[in-house]
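**Student:** Quick one, fold the following:
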Amino acid sequence: MKNNTVIILTILFSIFTFNSNVLAQCTVNIGNNRTICFGTEITLTATGGETYLWNTGENTESIIISPTETSTYSVTATCEDLSTSIAEITVFVNPLSEINLGNDTSICMNDSLHLVASGGKSYLWSNNETENNIYVKPQITTDYWVTIIDNNNCQNSDTITVGIYSLPFLSICDDQEICPNDTALLTVTTGANIYLWNTGESISFINVTPIETSNYVVTVTDENNCSNNDTTTVVVTTNPVADFNFTEPCTPFASLFTDVSTDTENNIVSWSWYFDDNEESYLQNPEHYYDYNGVYDVRLIVETDKSCKDTIIKSVQIFPKPVAAFSMSDSSSCNCPITIQFTDQSEDASTWSWDFSNGQTSTLQYSETTFKNVGVYTVQLIVESLHACKDTTNHDFTIYQKPIVDFTSTPTKGCEPLNVSFTNNTLYGENYAWYIDNQIFIDSNVVYEFYGEGFMM
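**Tutor:** Residues are numbered from 1 along each chain as shown. As a prediction, this is how the structure comes out:
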């Protein structure tokens, strides 16, 4: 009996010792305290037990948690011998650095937008830039995001959508070319409602009078505050310089007009002459006859291929023509040599030029010459006025050949009645008068019948 008691005690002791070892080994382990970033999920895994019960209510070996603040998690493990073990872990939650790129926005086409992020030690933008700020210039609606990592190595991000406003439609007038002192009308067509020219004007059209070639810029702005601009150029070309030369003739001769107008850049293509006597011409170099002497204001308008014009007026004096006239002391003679006097009767003459057609000339106002031979002499007088106007007149002076009278009679004697034929042999004669027996006959040849005795000479 005593021995049996010893054996039972030994067995119980052994069982007790065994259970004590098992209890000592049932220790749950979930690791050390953890630090995470806000919004991060982590897995907590327990070991050392057969079953687990977490304070979250879950009964799995591992749980996934994402605490929003620092939290303590505990797990109770039950071992095979139904013993339990409890472990705790504190998960510290670091708040994320605040990042805000702002509200979604829209910008005008071709504008840029400055995006700024803060609170991180490193940055990564959707366009791979790594600075804390970037400038973007999208051409279409675009999403831009940035991811930051702070000093706790926590990561946060934000996205902004940047939309695009189209620029307002704009159509400005074409470039223009104007003449100096002319005005150009500049117009713009647009859907915008605000205008601003570089002249300071704020309407849809302006008139400009530049003194040199100039650029004009208009900027239009719409309801989205988007602006567009365009430029037109007003080219100021040159004006021609009208000028002409002319002769000042005497009536009724033509005055010659010679165009000497110039233009340094363009071609002169038309000429308009106004002669101040209701006559005009469109030739470049015309001639014009004035019917009356006097002073005429001649106007020339020239125009270039760019429609630029210039005008000049010059006074042209048309002088009266002198009137040549003279008289002679005689217009003919049968005697030679003979001296004839010439008396000037001209009007408005200042010089005289005589040509007597006998080899002699004179510049005296009143002159004379001697004609030595039979013939017709055309005496010419040319007079000239103080303005170099001339006139000419001619008169003939004739020295006739004296006739040489001669005749024959047949018969020269006979009985009465005696018929005698008288034959005229006169040289240089034209008219004849026979005186026979106290009678006159004007025929060239005469037959006369004589009666009575006698002698006749």
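**Student:** how many other residues sit next to residue 50?
**Tutor:** 13 (other Cβ atoms under 10 Å). (Glycine included, C-beta is placed from N, CA and C.)
**Student:** try residue 39
**Tutor:** Counted with other Cβ under 10 Å, residues neighbouring residue 39 total 14.
**Student:** which SSE is it in?
**Tutor:** Using DSSP states H and E, residue 39 falls within no helix or strand.
**Student:** do the same with the one 4 residues further on
**Tutor:** In this assignment (DSSP H and E), residue 43 forms part of strand 42-45.
**Student:** Listing partners with orientation, what would you give for that strand?
**Tutor:** strand 62-65 (antiparallel) (DSSP bridges).
**Student:** Report the distance from the partner strand to the chain centre.
**Tutor:** Computed by Cα atoms, centre = their mean, to the nearest Å, the chain-centroid distance of strand 62-65 equals 82 Å.
**Student:** Show me what secondary structure element comes after that strand.
**Tutor:** Heading C-terminal from strand 62-65 (DSSP H and E), you reach strand 71-78.
**Student:** List the buried residues for that next one?
**Tutor:** Residues of strand 71-78 classed as buried by neighbour count (16 or more other Cβ atoms under 10 Å): 73, 75-78.
**Student:** which of the residues you listed lies closest to residue 387?
**Tutor:** Comparing the buried residues of strand 71-78 against residue 387 with Cβ to Cβ picks out residue 73 as the nearest, at 131.8 Å.
**Student:** So what does the closest residue to the closest one other than its chain neighbours have for phi and psi?
**Tutor:** Of all residues beyond its chain neighbours, the one nearest residue 73 is residue 89 (5.4 Å), with distances taken as Cβ to Cβ, 6 or more residues apart in numbering. Residue 89 adopts backbone torsions of phi -140, psi 140, taken as degrees, to the nearest 10.
**Student:** wait, isn't residue 89 in contact with residue 28?
**Tutor:** No - judged on Cβ atoms under 8 Å, residue 89 makes no contact with residue 28 at a distance of 10.7 Å.
**Student:** Tell me which stretches of the stretch 101-250 of the chain form strands.
**Tutor:** Counting by DSSP state E, counting those that start in this stretch, residue ranges of the strands within the stretch 101-250 of the chain are 105-108, 113-116, 122-125, 133-136, 142-149, 155-165, 170-172, 176-178, 184-190, 194-197, 205-208, 214-221, 227-236, 244-246.
**Student:** mind listing the helices for this protein?
**Tutor:** Per DSSP state H, the chain carries helices over the ranges 2-25.
**Student:** low-confidence ranges in it?
**Tutor:** 1-25, 455-457 (pLDDT under 70).
**Student:** Next one: the residue nearest to residue 283 when sequence neighbours are not counted from residue 258, what distance?
**Tutor:** With Cβ to Cβ, 6+ apart as the criterion, residue 283 has its nearest non-adjacent residue at 6.8 Å, and that residue is residue 271. Applying Cβ to Cβ, to the nearest Å, the value for residue 271 to residue 258 is 11 Å.
**Student:** one step back: what's the closest of the buried residues of strand 71-78 to residue 433?
**Tutor:** residue 73 (182.6 Å).
**Student:** what's the spacing between that closest one and residue 90?
**Tutor:** Here residue 73 is placed at a distance of 8 Å from residue 90 (Cβ to Cβ).
**Student:** Contacts only, for the residue nearest to residue 375 when sequence neighbours are not counted.
**Tutor:** Leaving out its chain neighbours, the residue that sits closest to residue 375 by Cβ to Cβ, 6+ apart is residue 399, at 6.1 Å. Taking Cβ atoms under 8 Å, 6 or more residues apart in numbering as the contact definition, residue 399 lies against 332-336, 338, 371, 373-375, 377.
**Student:** The strand holding residue 43: which residues count as buried?
**Tutor:** Buried, per 16+ other Cβ under 10 Å, within strand 42-45: residue 44.
**Student:** Since that was my last question, I'll sign off now.
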